[in-house]
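In: Got a sequence here, can you build the structure:
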Amino acid sequence: MKTLLAATALTLVGGFAFAQENPMVGGAEMPATNDIVTNAVNSADHTTLVAAVQAAGLVETLQGEGPFTVFAPTNEAFAALPAGAVDNLLLPENKDALTQVLTCHVVGAEVFSSALAEMIATDGGSHPIETLGGCTITAAMNAAGDGITLTDENGTVANVTIPDVDQSNGVIHVIDAVLLPAQS
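Out: Have a look, this model is predicted:
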């Protein structure tokens, strides 16, 4: 069964890793020759993420050599947070909290969906991912078996809506929810 799941997962999501052209994100082309931040700035769906990366002082880091895997929440994902949460995180006095939230979406390695699907299958249906922000997110296949979900330490589930956006310093996977550090 694990082998069948792995083969199915690789067939369903793995093709993106070998595509010659990146998918469009937020109405913009995502050249693989650009770094993560340069491409994110061009996405109309990631203006909140870009503003947060700038406020946290992470632009230089995410333009660095990497490699990085970024699970990139859309504007709609940020809008789904409780009222005022984003504005509060963007305040200068909350820079440390903002940095932790953002780095809970970043892995210090380049991981395409085919490799992640293989890890999920090998681990029996879910795979823990340690992020640069000290969070552990759990990757799994969705109920239909044709996409990847990520669950944070609070139980919030994000779907990977656009996988494998290749970058010069890593890869972006667009997600539909904001992953947060464990809440006490």
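
In: For residue 167, see how far away residue 30 is.
Out: 8 Å (C-beta to C-beta, to the nearest Å). C-betas here are computed from N, CA, C, even on glycine.

In: And these two? Which one has more around it.
Out: Each of residue 30 and residue 167 has its neighbours counted (other C-beta atoms under 10 Å); residue 167 has more, 26 against 22.

In: Excluding chain neighbours, what is closest to the more buried one?
Out: The shortest distance from residue 167 to any residue other than its chain neighbours is 4.9 Å, reached at residue 36 (C-beta to C-beta, 6 or more residues apart in numbering).

In: From residue 31, how far off is residue 49?
Out: Distance, residue 49 to residue 31, by C-beta to C-beta: 18 Å.

In: Of the two, which one has the most company?
Out: residue 49 (24 against 14).

In: For the residue nearest the centre of the chain, report the pLDDT, please.
Out: Among the residues of the chain, the one closest to the centroid is residue 71, at 0.5 Å (C-alpha atoms, centre = their mean). Residue 71 carries a pLDDT value of 97.

In: isn't it right up against residue 105?
Out: Yes - between residue 71 and residue 105 there is a contact under C-beta atoms under 8 Å: 4.6 Å.

In: got any residues that touch both of those two?
Out: 175, 179 (C-beta atoms under 8 Å, 6 or more residues apart in numbering).

In: Quick one: residues contacting the residue nearest to residue 167.
Out: Contacts of residue 36 (C-beta under 8 Å, 6+ apart): 62-63, 66, 68, 70, 167, 169-170, 172.
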